[in-house]
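>>> Next one to model:
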Amino acid sequence: MATILAVFAHPDDETFICGGTLAKYAYEGHRVVLICATKGEMGRRMGVPPTATREDIPLIREQELISACNALRIDSLRFLGIRDKLVEIQPLKTLTQMILEQMTDVQPDTVVTFHESLGGHPDHCAIGLATTKAFELYEKRGNTDVTLFYVSNGHVANNPHQYGLLPQQVTKIEVKDYLPYKLQAYRAHQTQSEMNDWVWMRDELSLKKFSNYEYFIKAHSPFHDQLIKKRKKEER
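A predicted model of the protein is given here:
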């Protein structure tokens, strides 16, 4: 069985973005390890009506993430201990080393993270860039049978050329049978999902709001090589 390492910035990233895929492989017997950089303590959502305060939101979101991991059957949860909203200002070398150490310990077959420029949130892009660089170092140590994927939305995946991507880089995962677990995880992140009325409808209605597919962008050649060349050029 394979080991999948997911590297994200905040509690709920794993569920809202690719919870169906993580559940699919976990329930099929693969090992899924989640690295979360922060505990989301600076998030604006506190529940509807508010059930958290700025003082207790870190603990609450940590517990929500643990419950979500249980729903998705994630084998191991690890925190990097970085304060929310500060991932983007971490020294890249330091952040890369932290992730590389985790990668070396986990020994993954597949790594999943954000794209360094398509991730949207600054913390997403920062964790994606550091994970990409850690992955490159990990490969140089002789770990060549590992694949790096970036999470994607359907628009990017269905229009790859608009984003400098190639159609063959797009991986489409059918997650229909695992959406009940994704819904459980959504509901576990109560402070973040409570304002979305559809999450709390009857199960059969809530499940209709999910797509049956989740999308990923493969980072390897030729795209991965182009990224490296572009970055080296910018650093000169």
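>>> what residues does the longest helix along the chain touch?
As assigned by DSSP state H, the longest helix anywhere in the chain is helix 122-140. Applying CB atoms under 8 Å, 6 or more residues apart in numbering, the contact partners of helix 122-140 are 7-10, 13, 37-38, 84-85, 87-88, 90, 92, 95-100, 103-104, 111, 113-119, 146, 148, 150, 219, 227-228. From N, CA and C alone the C-beta is placed, and that goes for glycine too.
>>> And it, what's buried?
For helix 122-140, burial by neighbour count (16 or more other CB atoms under 10 Å) applies to 123-136, 138.
>>> Closest one of those residues to Tyr27?
Closest approach to Tyr27 among the buried residues of helix 122-140 (CB to CB): Thr131, at 24.6 Å.
>>> residues in contact with the nearest residue to the closest one once chain neighbours are set aside?
Leaving aside its sequence neighbours, Thr131 sits nearest to Thr113 (CB to CB, 6 or more residues apart in numbering; 4.0 Å). Residues counted as contacts of Thr113 (CB under 8 Å, 6+ apart) are Ala6, Val7, Phe8, Ile127, Gly128, Thr131, Thr132, Leu148, Phe149, Tyr150, Val151.
>>> Please determine how far Thr113 is located from Gln97.
16 Å (CB to CB, to the nearest Å).
>>> now swap in Met103 and tell me
10 Å.
>>> out of those two, which sits in the busier spot?
Taking other CB atoms under 10 Å, Met103 and Gln97 do not tie; Met103 has more neighbours (23 against 15).
>>> I'd like to know how far that one sits from Lys208.
Met103 is 37 Å from Lys208, by CB to CB.
>>> Who is Glu214 paired with across the strands?
Ile173 (DSSP bridges).
>>> Tell me, how many residues neighbour Ile60?
By other CB under 10 Å, the residues close to Ile60 number 20.
>>> does it count as helix, strand or coil?
Each residue gets one of three states, and Ile60 gets helix by DSSP: H, G, I helix; E, B strand; the rest coil.
>>> on that earlier part again, for the contacts of Thr113, please prepare CSV with the additional fields distance to Cys18.
Listed next are the contacts of Thr113 as CSV, based on distance: CB to CB, whole Å:
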residue, distance to Cys18
Ala6, 7
Val7, 12
Phe8, 9
Ile127, 14
Gly128, 13
Thr131, 14
Thr132, 17
Leu148, 14
Phe149, 9
Tyr150, 10
Val151, 5
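>>> which of the residues you listed lies closest to Ser193?
Phe8 (16.3 Å).
>>> Phi first, then psi, for the closest one.
Backbone torsions of Phe8, given as degrees, to the nearest 10, read phi -130, psi 180.
>>> Now for it: which residues touch it?
Contact partners of Phe8, counting by CB under 8 Å, 6+ apart, are Glu14, Ile17, Leu34, Ile35, Cys36, Ala37, Thr113, Phe114, His124, Ile127.
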